[in-house]
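Participant: Need coordinates for the following:
(one chain, ligands or ions: 3)
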Amino acid sequence: MSRLVMKFGGTSVGDVERIRRVARIVAAERKPGRGLAVVVSAMSGETNRLVALTDDAGKGLSGPAFDDEYDVVVATGEQVTTGLLALALRGMGVPARSWQNWQVRIESDTAHGKARITGIHADRLGAAIDSGEVAIIPGFQGVTHEDRISTLGRGGSDTSAVAVAAALGAERCDIYTDVDGIYTTDPRITSKARKLERISYEEMLELASLGSKVLQTRSVELAMAKRVPVRVLSSFVEPGEAGPEAGTIVCDEDEIVEKQIVAGIAYSRDEAKVSLKGLTDHPGIAAEIFGRLADANINVDMIVQAPSRVDGKVNMTFTMPEREADRAAALMEAARDTIGFESIEVKKDVSKVSVIGVGMRSHVGVAKTMFEALSKRGINIENISTSEIKISVLIDSSYTELAVRALHTAYGLDAA
Ligand code: ADP
Ligand code: ASP
Ligand code: MG
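Facilitator: Residues are numbered from 1 along each chain as shown. Ligands and ions are numbered 1, 2, ... in the order given. Predicted structure coming up:
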């Protein structure tokens, strides 16, 4: 018996007509000896609507007083879609039923709003799909050991799908979305973006974590850890139209024959920069600053320490997600005397642009190409960070698109 997991994102199930098309795509994948589990997102816009309702009803509340009931509300979007898809399939004569998370038991930890899946009891689910019935499962949600509903963070249905695929020992996890695969960069930024036939787990992990929201980062981590082959493809074509080679496969690096030096370019506008000026340079200053930020659960990304114009003084600049910037600045301000700095500056209109590719391990000159391409367009680099397979720069956010397009051309990624 083989098993396949299919996942459909918000726009793919955006209205009942689209849900009917999804039902046709699912029906076309049914064949004797293959069990099908389908993970669905909420209809597009629905999660945002639900989030806004909780913000309104829970005004003034935060943390444990808010997060668990936020999950109860926002998880409902996915439940609706499971029932609608099951009905559409039944209407076509395909046996199908919905399974809520507490019925499968997709267990998670208790970090409401950003929970992690800790285990899936897939025996009953596996037996049901092996009997020929299509199982429809809501993405994004889990159940805690306290029997409370949890959600996995925005975009979390991708992670649900990969986790279900791993638990069922599925041959593959097909992620259907509103683009026909993974591109060299976000196709919304440049029409020259090229669809990749294959991309390695490592590269996709960097792309996702550096801003390409086509897959949730955690889903790629999980696919890599559990060796689940993932395919990303479009739900906007009728079954059979796209052919068996449709989409992009996320797989092991060894399975990719033609390796590019740079596989793709990611960008993130959700960045902010805090600069502390005129710090007295002494051992322990970095521990003092970043210890405080870590204790407050603020995830710092790029860090640059540079000498100031005044002897013995340094400036420290660090970046974090934009929503954390004010909190970080307030923390620093509160400890101004202990840390000992002269001034503080917060800049929110910054973006991070990153080039990613496993080929960087063995090629020199990748950074040079990046810096030259940006300087030719007069784009100033405010921070740089590198790892084995990526280079990221922080720039003024008004240049985001220009930078992505310039780099796309500079690395020879433009479609013919
Ligand atoms: P879904 O609702 O199906 O989960 P998402 O909106 O989460 O869909 O992800 C699909 C979107 O990801 C695309 O519409 C595209 O604009 C964006 N995207 C960003 N980077 C890339 C990339 N490198 N390749 C393909 N799509 C990308
Ligand atoms: N519906 C959730 C969201 O909008 C989860 C998902 O679509 O993956 O974030
Ligand atoms: Mg998504």
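Participant: show me where the stretch 251-400 of the chain has helices.
Facilitator: 285-295, 325-334, 336-339, 366-376, 400-410 (DSSP state H, counting those that start in this stretch).
Participant: With respect to burial, which of these scores highest?
Facilitator: Highest mean neighbour count of these: helix 400-410, a mean of 20 (counted as mean count of other CB atoms under 10 Å). Backbone N, C-alpha and C define where each C-beta goes, glycine included.
Participant: now for that one, which elements pack on it?
Facilitator: strand 264-280, strand 343-356, helix 366-376 (3 or more CB pairs under 8 Å, 6 or more residues apart in numbering; DSSP states H and E).
Participant: thinking again about what came up before, how about the helices of the stretch 251-400 of the chain in TSV, adding distance to Gly113 and mean pLDDT?
Facilitator: What follows is the helices of the stretch 251-400 of the chain, written out as TSV (distance: least, CB to CB, whole Å; pLDDT from 0 to 100):
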stretch	distance to Gly113	mean pLDDT
helix 285-295	20	94
helix 325-334	17	96
helix 336-339	31	92
helix 366-376	35	96
helix 400-410	28	97
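Participant: wait, which of those helices is closest to ligand 3?
Facilitator: Among the helices of the stretch 251-400 of the chain, helix 400-410 comes nearest to ligand 3, with 19.8 Å by CB to the ion.
Participant: Show me what from the stretch 1-150 of the chain comes close to ligand 1.
Facilitator: Gly9, Gly10, Thr11, Ser12, Ser41 (CB under 6 Å from any ligand atom).
Participant: and with 5 Å instead?
Facilitator: The stretch 1-150 of the chain has residues Gly9, Gly10 near ligand 1, with proximity defined as CB under 5 Å from any ligand atom.
Participant: Where do the helices of the stretch 1-150 of the chain begin and end?
Facilitator: Assigned by DSSP H, counting those that start in this stretch, the stretch 1-150 of the chain shows helices spanning 16-29, 46-57, 67-74, 76-91, 101-104, 123-130.
Participant: counting contacts, what elements does the first one pack onto?
Facilitator: When you say that, I think you mean helix 16-29. strand 2-8, strand 34-40, helix 76-91.
Participant: Need the residues that contact the longest one.
Facilitator: In this case it means helix 76-91. 8, 13, 16, 19-20, 22-23, 26-27, 38, 40-43, 46-47, 50, 95-100, 134, 136-141, 157 (CB atoms under 8 Å, 6 or more residues apart in numbering).
Participant: residues contacting the nearest residue to Gly278 once chain neighbours are set aside?
Facilitator: Spatial nearest neighbour of Gly278, chain neighbours left out: Glu342 (3.1 Å); criterion: CB to CB, 6 or more residues apart in numbering. Shown in contact with Glu342 (CB under 8 Å, 6+ apart): Lys277, Gly278, Leu279, Lys313.
Participant: Could you check how far Glu342 is from Arg269?
Facilitator: Look at Glu342 and Arg269: by CB to CB, to the nearest Å, they are 30 Å apart.
Participant: do His121 as well
Facilitator: Applying CB to CB, the value for His121 to Arg269 is 40 Å.
Participant: for Ala122, same thing?
Facilitator: Look at Ala122 and Arg269: by CB to CB, they are 38 Å apart.
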